[in-house]
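>>> Predicted structure and sequence below. I'll ask about it afterward.
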Amino acid sequence: MFAGVSAAARFVGVWLAAWGLQVLAGQAPASGDVFPPWERESNDAIHRGLEFKVPEADNLADFHGDITNPQLVLFVGGNYFFAVGPLVAEFERENPQYKGKVYWETIPPGLLVKQIEAGGTITSGNMTWTVKADAYFAGFGKIKSLIEEGLLEGPAVPYVTNTLTIMVPAHNPARVAGLADLGKPDIRLVMPNPEFEGVARRVLLHRFPYLVIYRVTKQRIEVLAVAHGHQRPGYWRERME
């Protein structure tokens, strides 16, 4: 049965056969909360770096391109996932020598930092690989702080701006019209995880139409502004740079 194969292969074959018998006997390991249910501990990588596991979405959708020998590696904050593909296609059109040789990731920027700190190693599902970023795309202020920490090399280069918005359910049943409305007791907020996302936090001061805008870094809490909820909205955004 094992003629012409190595001792290691014979061992694996015997082990798999024994496990298969357990499955047939109804003794397969319980899947618990593992998703997909057929994913079990079948990764023998010793150094796994960042463990990127998102239940029900752990399907490598945020990893793009050929990892074999990329000539350009981009680490891009996940909010840009919808734009990077067309940008890469246009870049390759203008630079055909890179056609099929660009690899990019679109997971949250804070997780990309953890991957960089792990030497570029990441594990998703039962697959582990290592890739070193040539460029990291995230908030300008965050990138500058990472340069100061020595994790990235400067200079930081602004390449795009955006406007923060409030998303509400269809037909806006709570009649949210501005930041001050987010302080109402019956409003439920969904905010990015501050550990992985760099957007500022906002706290409404009750009884006064003012907001405290702040952000949390590894070293400190930075108060960006104490701002009126309706007058000069958003003037403090430039302080996030």
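Perfect, thanks for sending it. Numbers count the residues shown, from 1 in each chain.

>>> For this protein, which segments count as strands?
With DSSP state E, the ranges of strands along the chain come out as 50-51, 63-64, 72-76, 102-105, 121-124, 127-130, 135-137, 201-205, 210-216, 221-228.

>>> Lowest average pLDDT across those?
Lowest mean pLDDT within the strands of the chain: strand 201-205, at a mean of 52.

>>> now the end-to-end length of stretch 157-172.
One end of stretch 157-172 to the other measures 37 Å (C-alpha to C-alpha, to the nearest Å).

>>> If you count neighbours, what's buried in it?
Within stretch 157-172, no residue is scored as buried using 16 or more other C-beta atoms under 10 Å. For every residue, glycine as well, the C-beta is placed using N, CA and C.

>>> Averaged pLDDT, that stretch. What do you get?
84.

>>> Low-confidence ranges, the chain, go.
1-45, 54-59, 191-224, 226-241 (pLDDT under 70).

>>> domains for it, by residue range?
1-30, 50-149, 179-240 (automatic domain parsing).

>>> correct me, but D66 touches Y103?
Yes: using C-beta atoms under 8 Å, D66 is in contact with Y103, at 6.6 Å.

>>> quick one: which of these two has more around it?
Y103 (21 against 10; other C-beta atoms under 10 Å).

>>> what bridges to the more buried one?
Going by DSSP bridges, Y103 is paired in beta bridges with V73.

>>> Surely K132 touches I122?
No: with contacts counted by C-beta under 8 Å, K132 stays clear of I122, the gap being 11.4 Å.

>>> Could I get the contacting residues of the residue lying closest to R175 once chain neighbours are set aside?
Leaving out its chain neighbours, the residue that sits closest to R175 by C-beta to C-beta, 6 or more residues apart in numbering is D181, at 7.3 Å. Applying C-beta atoms under 8 Å, 6 or more residues apart in numbering to D181 gives the contacts A174, R175, I187.

>>> Check the spacing between the residue nearest to F81 when sequence neighbours are not counted and A83 real quick.
Spatial nearest neighbour of F81, excluding adjacent residues (C-beta to C-beta, 6+ apart): T106 at 3.9 Å. With the distance defined as C-beta to C-beta, to the nearest Å, T106 ends up 10 Å from A83.

>>> Looking at the two, which is more packed in?
Each of T106 and A83 has its neighbours counted (other C-beta under 10 Å); T106 has more, 23 against 12.

>>> which residues does that one contact?
So T106 contacts D62, H64, V76, G77, G78, Y80, F81, V84 (C-beta under 8 Å, 6+ apart).

>>> same thing with E153?
E153 is in contact with I147, counting by C-beta under 8 Å, 6+ apart.

>>> can you give me the helices for the chain?
Applying DSSP state H to the chain gives helices spanning 7-24, 81-94, 109-117, 140-149.

>>> Could you report the neighbour count for V88?
For V88, the neighbour count with other C-beta under 10 Å is 19.

>>> My understanding was that it contacts W104; is that so?
Yes: using C-beta under 8 Å, V88 is in contact with W104, at 6.6 Å.

>>> Quickly list what's touching both of the two.
Common contact partners of V88 and W104 (C-beta under 8 Å, 6+ apart): H64, G65, L74.

>>> what residues are up against the first one?
If I follow you right, that is H64. When contacts are counted by C-beta under 8 Å, 6+ apart, H64 touches V84, G85, V88, Y103, W104, E105, T106.
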